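Student: can you look at this prediction? I've put the sequence above it.
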Amino acid sequence: MKARSVKVGLGLALVLACTDATLFGDNRQNPPDELTVKGYLCTDDPTEREFPVRVLFVVDTSISDGNYIALRGDSVERILRSYGGANYSWSVIRYGGPLKGTSCGLRNLTPDGYTKTLDDAVAGVRCADIQNPGRDLMDALSLSSAFVSGDVIQTDLGHRSRTKYVIIVLANGPPSVDLSSQWCNSRSPRIPDDQCDQAFFDTFCDGVQPPPDDCERYQYVRVIREMRGFAEENGVQELFLHVVYQRDPDDASAGVDNTAAMDLYADMALHGGGTLYRFPGPASCNVTAGDSSGCLFSMINLDSTQAVFQRRQLIATNRNARSTGFGLAVDTDGDGLTDEVELDLGTSIRLIDTDEDNLNDRLEHVLRSVGLDPLRHERDDPAGAWPAECPLPGSPNPNAFPPSLDQDGDGLTDCEEILLRSDPTLFDSDSDGVPDPLEFRYGTNLIANDGKEDKEADGFANIDEYRYHLDPLSKDRSLDDAYRYQFRNEEQKMVVAFTQPYQVTGVEIIRASQESRDGRGTVSFVPPPDVTLPVSPENPAGLTWHDPGDESGPEGAEIVVDHDGRYTLPSADFVEGDPAADYSIEVDVITEILPKERKRTDVRLRASLRQCFDFEIKHIQLVDTASAADTGVAGVNYVDLFLSEVPTNNPGSYGVFRAATVPAYLNPDPRQRDPQPTVELASEDFLLFGQ
């Protein structure tokens, strides 16, 4: 069977459709109480997911030449047009000479933080600091560091762990401020000129190893290193600083680079993890489309991350079959308490939250010592003990939030995670490869990286016990119930990555053909004849696709959309039956939320390197569950699969989690049980947490 996931509860559920595909040539039937799940997966490309990119332009406004003024504004504007979409936000700091308060001098043009629009900020760099000659780069870097660091701290850890910061410094020459002289003159008493260099070195570079040849130049590098270090220590995915050196008019006329500028900016880019780009001088930037070679920032990579994601762990678990030291126990509602325990406690075996107060039964049972009770509504009951750590809407607390809020989508509410001391924005708070809901159910530590521990000394680390669906807190007497994993054909391959057509609501791109060209494509939507009526065969809408490399026309054939489902959109250059000319995309459509008017939106395509692999997980045992609260059907089991991915350049990071859920049915009557199917999953069946 082939599965497609949709969001439900923790949970994700799957809509099943048939297929005859096999992976490993093993066609043996599964026993009636055992499920096999297999598939072909590729790790994520951040372009397709919620991986924020925050770009800060640090723009030199010291040159008053009209061409330079126009070019810096046009170049920022071209970048904004080229990188649309929900992942991108922007900020601009301009700088000029050392005097403060001048009309075009040092200023954060986006003081409220990163933004989606930069109209005012772009206008703010179309000027020149003519009353304030010089170039005070240190003040600009210091302001940039404070701005970025503040944003890092204000961003929750879940989003921070996926965010790429890019700082682009535009400079038309070397700094004009002598840092050592400025510092010596500010001392009381003033340090004499003949002692200044040594005093400056002793204060700012003594103890630096290896000792810098130029202590003043080192100060610029130090600011950048500290900024990157701060970002890394606080869980940021990546931070890069690039420098664009554009010759000033005098050097441009002479056709030479400023040596001091080149040396400093090469050093800054090196320590910023970025690149120094040299620009010869005056040019013209096409703001709207076409050739961007005249634009100052056209060569800079602003994709979500430069790292290839690799598989850290793939963990399967039947949430209704709780592993114990004595075998499997039934947990009909999947709340972490077995049915046997819930019957003893008087809680419902069919409801995760018996008293419906938005606190899980197991959590309230475990935290009885602080006044919680799984049989008492903690908000409505006069004797209730709703946690003070979770202020409710309507209270005077400015940090109040709804009791059902679950920011990371892991099935634990924010309040539950606060009580457990885990992070409400991270699927795996301790970055040990085991998702928080799984650690909660089995009782391991959600906030300590204990994946490699083996406290019960049975020879299996916690992470392996989770993979095999054993009990990490019990000495396992038998491996008969362990899941069997097999991975094949692991390789890195190029896959076409894409952004989504955000303006065309109800349309999600699932796949772009391998022949698709890099660049900006366009999805166009044509509304139905009567927008007051639902889309139907009698009232159809339309979709078209323009591939970035199309030469045969503006867009491909219009595809009729008359129902929910999957559609293939060909481009103008698409040739039926010719694999080399398969320029198309596949989209999923939900007609109910399609726009009511014509829409066109750009989509970015690019070749992306990913880790791909075949997998098969066998011996997933099913149990006799009681009738479920939502369906009234007994024998339903939910098998969750958690794929954790980390970037190859930072494998110790929080990374990302994708999850899918396979519903399986075990007939309560053993005489009527049929062999279980083998369920096949694909990458699109796994949803990123929080989506």
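Tutor: Now that the structure is in, tell me what you want to look at. For clarity, every value in this text was computed on a predicted model and none was experimentally measured.
Student: contacts for stretch 138-158, please.
Tutor: Residues outside stretch 138-158 that contact it (CB atoms under 8 Å, 6 or more residues apart in numbering) are 54, 56, 58, 91, 93, 95, 98, 106, 108, 113-114, 160, 163, 165, 167, 169, 175, 177, 179, 219-220, 223-224, 226-227, 230-231, 234-236, 239, 407-408, 423-427, 654, 690. From N, CA and C alone the C-beta is placed, and that goes for glycine too.
Student: try it again with 6 Å
Tutor: With CB atoms under 6 Å, 6 or more residues apart in numbering as the test, stretch 138-158 has contacts from 58, 93, 95, 106, 165, 223, 227, 230-231, 234-236, 408, 423, 425-426.
Student: may I see the ChimeraX selection of the buried members of those residues?
Tutor: To isolate the buried members of the contacts of stretch 138-158 in ChimeraX, using 16 or more other CB atoms under 10 Å:
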select :58,93,95,106,165,223,227,230,231,235,236,408,423,425,426
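Student: between the contacts of stretch 138-158, which sits nearest Asn320?
Tutor: Top of the list for closeness to Asn320, among those and by CB to CB, is Asp408 at 22.5 Å.
Student: name the SS class of the closest one, please.
Tutor: coil (DSSP: H, G, I helix; E, B strand; the rest coil).
Student: now do the residue lying closest to Ala70 once chain neighbours are set aside, the pLDDT please.
Tutor: Excluding the flanking residues, the one nearest Ala70 by CB to CB, 6 or more residues apart in numbering is Arg126, at 7.1 Å. The model reports Arg126 with a pLDDT of 95.
Student: how much space between Arg126 and Asp119?
Tutor: Per CB to CB, to the nearest Å, Arg126 is found 11 Å from Asp119.
Student: and these two? Which one has more around it.
Tutor: Higher neighbour count among Arg126 and Asp119: Arg126, with 17 against 10, using other CB atoms under 10 Å.
Student: coming back round to it: looking at the contacts of stretch 138-158, which is nearest Val560?
Tutor: Of all the contacts of stretch 138-158, Val560 sits closest to Asp408, with 39.0 Å by CB to CB.
Student: give the contact list for that closest one.
Tutor: Gly158, Thr425, Leu426, Phe427, Phe689, Gly690 are the contacts of Asp408 under CB under 6 Å, 6+ apart.
Student: just the CA trace of whatever helix or strand the first one lives in, in CSV.
Tutor: Yep, that's Gly158 we're talking about. Here Gly158 is covered by helix 157-160, with elements defined by DSSP states H and E. C-alpha atoms of helix 157-160 as CSV (Å, rounded to 0.1, in the frame of the first residue of the first chain):
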residue,chain,number,x,y,z
LEU,A,157,14.7,28.0,19.9
GLY,A,158,12.6,25.9,17.5
HIS,A,159,12.7,28.6,14.7
ARG,A,160,16.2,29.6,15.7
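Student: and the next element down the chain from the lowest-mean-pLDDT helix or strand in the chain?
Tutor: Least confident helix or strand of the chain, by mean pLDDT, DSSP states H and E, is strand 11-17 with a mean of 30. Sequence order places strand 34-42 as the next helix or strand after strand 11-17, per DSSP H and E.
Student: surely Gly85 meets Thr499?
Tutor: Yes: using CB atoms under 6 Å, Gly85 is in contact with Thr499, at 4.7 Å.
Student: what about those two, which has more around it?
Tutor: Neighbours around Gly85 and Thr499, counted as other CB under 10 Å, are more numerous at Thr499. The numbers are 24 against 18.
Student: so which bits of stretch 121-140 are buried?
Tutor: 121-122, 124-129, 132, 134-140.
Student: check contacts around Ile165.
Tutor: Slight slip there: residue 165 is Tyr, not Ile. By CB under 6 Å, 6+ apart, the contact list for Tyr165 reads Arg54, Val148, Leu239.
Student: name the nearest of those relative to Gly565.
Tutor: Looking across the contacts of Tyr165 and measuring by CB to CB, the closest to Gly565 is Arg54, at 36.3 Å.
Student: in a strand, that's where the closest one is, yeah?
Tutor: Yes: assessed by three-state DSSP, Arg54 belongs to a strand.
Student: how close does it sit to Ile167?
Tutor: 9 Å.
Student: who has more neighbours, those two?
Tutor: Between Arg54 and Ile167, counting by other CB under 10 Å, Ile167 is the more crowded of the two (26 against 22).
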